[in-house]
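**Q** Sequence plus the predicted model coming up.
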Amino acid sequence: MKIREIRALDDEALKKKLEEVCKELLELRFKAAIKQLKNHREIPMLKKNIARLKTVMRERESGIKV
């Protein structure tokens, strides 16, 4: 997900998206633990998406205009 797409979401959609991505990361970690994960690059990509989501949420809390 690109940062422009994330900034276009409203606050409620941001929270829902963050929950979805965190659940997906948990599932991928379980798959990796039992050696069923095919693409190992998905885990770092999801972590970056979580960081982007949290950054936008924090910007809105702080009142930072971007």
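**A** Cool, got the structure.

**Q** ranges for the helices of this protein?
**A** With DSSP state H as the criterion, the chain has helices at 3-8, 11-33, 42-62.

**Q** would you turn the ones you listed into CSV with mean pLDDT and mean neighbour count?
**A** In short, each C-beta sits where N, CA and C put it, glycine included. CSV is the format used below for the helices of the chain (pLDDT from 0 to 100; neighbours: other CB atoms under 10 Å):
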stretch, mean pLDDT, mean neighbour count
helix 3-8, 94, 12
helix 11-33, 97, 13
helix 42-62, 96, 14
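
**Q** was I right about E59 contacting V66?
**A** Yes. Between E59 and V66 there is a contact under CB atoms under 8 Å: 6.3 Å.

**Q** How about residues contacting stretch 35-43?
**A** L25, L28, R29, K31, A32 (CB atoms under 8 Å, 6 or more residues apart in numbering).

**Q** ok, the first one - contacts?
**A** Right, the one you point to is L25. Applying CB under 8 Å, 6+ apart to L25 gives the contacts I43, L46, K47, I50.

**Q** with the residues you listed in mind, which one is nearest to L14?
**A** I50 (11.5 Å; CB to CB).

**Q** Now do that closest one against G63, distance only.
**A** 22 Å (CB to CB, to the nearest Å).

**Q** how near is the residue nearest the centre of the chain to F30?
**A** The centroid of the chain falls nearest to I50 when counting by CA atoms, centre = their mean (2.7 Å). For I50, the distance to F30 (CB to CB) stands at 17 Å.

**Q** Ok, R7 next?
**A** Plainly put, R7 is 31 Å away from F30 if you go by CB to CB.

**Q** what do you get for K15?
**A** Per CB to CB, K15 is found 23 Å from F30.

**Q** for L37, phi and psi?
**A** phi -80, psi 130 (degrees, to the nearest 10).

**Q** burial count for it?
**A** Counted with other CB atoms under 10 Å, the neighbours of L37 add up to 16.

**Q** Relative to A8, how far out is it?
**A** Applying CB to CB to L37 and A8 gives a distance of 30 Å.

**Q** If anything else comes up later, I'll come back, but that's it for now.
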